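In: coords please:
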Amino acid sequence: MAKALAHAQAQADPPAFILNSGDSIMDSLETPKEYSLAYWDVFNEILKKECSLPIFHAIGNHDVFGWGLPETEQGQVSADPLYGKAMAMQALGLTSRYYSFDQAGWHFIVLDSTHPHEIESGQPYTGKLDEEQFSWLVAELDATPAATSVCVASHIPILCACEFFDGDLASTGNWVVPGAWMHIDAGRLRELFLAHPNVRACLSGHAHQHDRVDYLGVRYSCNGAVCGNWWYGDYLNCPPSYVMVDFYDDGSIETELIAYNEA
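Out: I've put the predicted structure just below:
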């Protein structure tokens with residue numbers, strides 16, 4: 001993590017800020033509280049020491065405390081004030097699990113895309129927006145001037161191509177993308193973005209791969225992972241990496257995958 005931060009800040013054209021799309025720590029879903037807190041301590045120690053840039057955080061599935069613990073332990077931790085997303089919000093200094101900010105003429109919206117699972121996928125979470133957050137997003141887009149380009153960031157991709165290759169096509173005989181991998185409310189968001197054509201970019205993480213999907217005027221970009229294959233090299237040919245994103249006045253973006261540890 002420290003090496004990736006140093007590499008990004010040493011670029012000839014360094015970033016104006018860092019957008020952390022989530023999964024800041026290895027895991028809190030299935031990890032006892034004391035270990036989860038220790039992970040967050042290390043994360044924040046490294047940020048304080050190694051990062052001089054403004055940084056904006058999203059909450060990832062691995063940042064959520066306790067949802068994946070066995071049912072016998074769930075009852076014990078569910079009453080903990082740090083259960084769920086509270087621990088991550090505290091560690092990341094967030095007062096809200098979703099929010100917006102402005103930078104260089106763009107309006108950035110950071111979403112919370114991790115919610116308790118509704119369809120069995122082998123994971124305790126589903127990619128979607130809750131009703132409160134969706135209503136907030138509608139109001140946020142309505143209040144943004146039509147001439148202002150909007151970038152939406154979420155941990156779980158709203159739309160991507162790379163998640164199809166996480167599935168086991170050979171054994172299932174079908175393409176399978178569970179709701180834990182991609183937003184199950186993508187159709188609803190599609191309609192919302194069509195009504196707000198100044199939404200020009202959607203950035204995400206989660207898949208540990210990088211792709212670009214241009215669809216109906218929006219560039220969807222899934223942006224790799226600093227840990228690659230969970231700190232064991234490449235994942236599906238995508239190296240441990242980060243993505244540099246250039247935002248332009250005309251509402252376009254360009255992305256570049258940068259493998260920081262190959263030098």
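In: which residues does residue 161 contact?
Out: Residues in contact with residue 161, defined by C-beta atoms under 8 Å, 6 or more residues apart in numbering, are 211, 213. The way it works is simple: take the backbone N, C-alpha and C, and place the C-beta from them, glycine included.
In: Distance of it relative to residue 189?
Out: Applying C-beta to C-beta, to the nearest Å, the value for residue 161 to residue 189 is 17 Å.
In: Need the three-state assignment for residue 139.
Out: At residue 139, secondary structure determined by DSSP: H, G, I helix; E, B strand; the rest coil is helix.
In: Low-confidence stretches in the stretch 1-150 of the chain?
Out: Counting by pLDDT under 70, the stretch 1-150 of the chain has low-confidence residues at 119-121.
In: if you set the cut-off to 80 instead, what comes out?
Out: For the stretch 1-150 of the chain, the stretches with pLDDT under 80 are 118-122.
In: Now do the helices in it.
Out: With DSSP state H, counting those that start in this stretch, the ranges of helices along the stretch 1-150 of the chain come out as 2-9, 33-50, 71-77, 86-92, 131-143.
In: Looking at the ones you listed, which one is packed in the most?
Out: For the helices of the stretch 1-150 of the chain, ranked by mean neighbour count under the definition mean count of other C-beta atoms under 10 Å, the leader is helix 86-92 at a mean of 20.
In: Need the contact partners of that one.
Out: 24, 28, 36-37, 40, 43-44, 57, 59, 63-65, 82, 94-95, 97.
In: Please list all residues in contact with the residue nearest the centre of the chain.
Out: Nearest to the mean C-alpha position of the chain, counting by C-alpha atoms, centre = their mean, stands residue 155 at 1.9 Å. Taking C-beta under 8 Å, 6+ apart, we find residue 155 in contact with 21, 22, 23, 58, 59, 60, 61, 113, 114, 204, 205, 206.
In: give me every residue that touches the residue nearest to it when sequence neighbours are not counted.
Out: Taking C-beta to C-beta, 6 or more residues apart in numbering as the measure, residue 155 lies nearest to residue 22, with 3.3 Å between them; neighbours along the chain are not counted. Going by C-beta under 8 Å, 6+ apart, residue 22 touches 57, 58, 59, 60, 61, 62, 63, 114, 155, 205, 206.
In: which of the residues you listed lies closest to residue 12?
Out: The shortest approach to residue 12 among the contacts of residue 22 belongs to residue 205, at 24.9 Å (C-beta to C-beta).
In: so who does that closest one touch?
Out: For residue 205, the contacting residues are 21, 22, 23, 58, 60, 155, 222, 223, 224, 225, by C-beta under 8 Å, 6+ apart.
In: Mind picking the two most distant members of these?
Out: Maximum pairwise distance among the contacts of residue 205 (C-beta to C-beta): 14.8 Å, between 58 and 224.
In: more crowded one of the two?
Out: For the pair residue 58 and residue 224, the greater number of neighbours falls to residue 58 (29 against 26), based on other C-beta atoms under 10 Å.
In: if I look at the more buried one, how far off is residue 259?
Out: Residue 58 sits 22 Å away from residue 259 when distances are taken as C-beta to C-beta.
In: From the contacts of helix 86-92, pick the one nearest residue 179.
Out: When these are compared for distance to residue 179, the smallest value, 15.5 Å, is given by residue 64; criterion: C-beta to C-beta.
In: what about the closest one, neighbour count?
Out: Other residues near residue 64 come to 26 when the count uses other C-beta under 10 Å.
In: how close does it sit to residue 252?
Out: On the measure of C-beta to C-beta, residue 64 and residue 252 end up 34 Å apart.
In: So which residues of the stretch 51-200 of the chain form strands?
Out: Shown for the stretch 51-200 of the chain, the strands assigned by DSSP state E, counting those that start in this stretch span residues 55-57, 99-103, 106-110, 114-116, 125-127, 149-153, 199-204.
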